[in-house]
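In: I'd like to go over a predicted model; first the sequence, then the structure.
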Amino acid sequence: MVRRKLIAAREDLAEKLIGVAERRGLTFYRLVNEILEQALRAEATGASLKEIVDGHGVLDVAKKAGFVFTIESLLYDVLDGAFKVGKRKLTKMWRKMGRWYGGYCSANQPENSLAAFKEAMNALTWNASEFEVVEGEKGVTVRCISPKFPLSYTELFSSFLEGALEALGFKCTGREVSTGVIALEFKRG
């Protein structure tokens, strides 16, 4: 026999869960137990359920935006070869895709597109030692550092970032890019 225990919850949340259970064809008891099991699984990984759900959201947005995952060293090797042959063309392509992605962020979250971009980039740049987008009174600063980035990827990724921020309404006013280091400054409009 399975023993039950009463768990207190806010009324509004309990009502929403009842609605979810009905839509999914589950009993309230079963849904609550599924939720608790998943929360415990998340806890066992060392992450909070919020972190896992937020991470899933970012990956879902990346998937819908056309991002794909690949082996890092393979990407760098291919880019190095292509960069030697067509640096100008590749730089334009990455900037264009940055503009597209900035537009995508604006279309999906027009009320706070910079925050959406920042959140996505923070999640998608796990291969960087440091990545930050800082909004200040005078504009936005973007900083990215990774000792693993070859010059080709560093240059191309900086072009992507510039294009994205241009689409979000910023103009690049300062640019320092060297192997593995990107420091960009932007002003509004």
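Out: Received it, and whenever you're ready, just let me know what you need. Numbering: from 1, shown residues only.
In: what about the longest helix in the protein?
Out: Longest helix in the chain by number of residues, with DSSP state H as the criterion: helix 72-108.
In: touching, F160 and K92? I think so.
Out: No. When contacts are counted by Cβ atoms under 8 Å, F160 is not listed as touching K92 (11.2 Å). Just so you know, the C-beta spots here come from the backbone N, C-alpha and C atoms, and that holds for glycine as well.
In: between those two, who's got more neighbours?
Out: F160 (21 against 13; other Cβ atoms under 10 Å).
In: mind listing the helices for this structure?
Out: Counting by DSSP H, the helices of the chain are 11-24, 28-45, 49-64, 72-108, 113-124, 151-167.
In: now, of those, which is deepest in the fold?
Out: With neighbours taken as mean count of other Cβ atoms under 10 Å, those reach their highest mean count in helix 151-167, at a mean of 22.
In: by contact count, what packs against that one?
Out: Packing partners of helix 151-167 (3 or more Cβ pairs under 8 Å, 6 or more residues apart in numbering; DSSP states H and E): helix 72-108, helix 113-124, strand 140-145, strand 170-178, strand 181-188.
In: between helix 72-108 and it, find me the angle.
Out: 0 degrees (axes from the mean of the first three to the mean of the last three Cα atoms, to 10 degrees).
In: need the CA coordinates for helix 151-167. PDB is fine.
Out: Extracted as PDB, the C-alpha positions of helix 151-167 are listed here (Å, rounded to 0.1, in the frame of the first residue of the first chain):
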ATOM      1  CA  LEU A 151      41.600  33.700 -35.000                       C
ATOM      2  CA  SER A 152      39.200  32.700 -37.700                       C
ATOM      3  CA  TYR A 153      36.400  31.800 -35.300                       C
ATOM      4  CA  THR A 154      37.100  34.900 -33.100                       C
ATOM      5  CA  GLU A 155      36.800  37.200 -36.100                       C
ATOM      6  CA  LEU A 156      33.700  35.500 -37.500                       C
ATOM      7  CA  PHE A 157      31.900  35.400 -34.100                       C
ATOM      8  CA  SER A 158      32.700  39.000 -33.500                       C
ATOM      9  CA  SER A 159      31.100  39.800 -36.900                       C
ATOM     10  CA  PHE A 160      28.000  37.800 -35.900                       C
ATOM     11  CA  LEU A 161      27.800  39.700 -32.600                       C
ATOM     12  CA  GLU A 162      28.200  43.100 -34.400                       C
ATOM     13  CA  GLY A 163      25.400  42.200 -36.800                       C
ATOM     14  CA  ALA A 164      23.100  41.000 -34.100                       C
ATOM     15  CA  LEU A 165      23.500  44.200 -32.000                       C
ATOM     16  CA  GLU A 166      23.100  46.300 -35.100                       C
ATOM     17  CA  ALA A 167      19.700  44.600 -35.700                       C
END
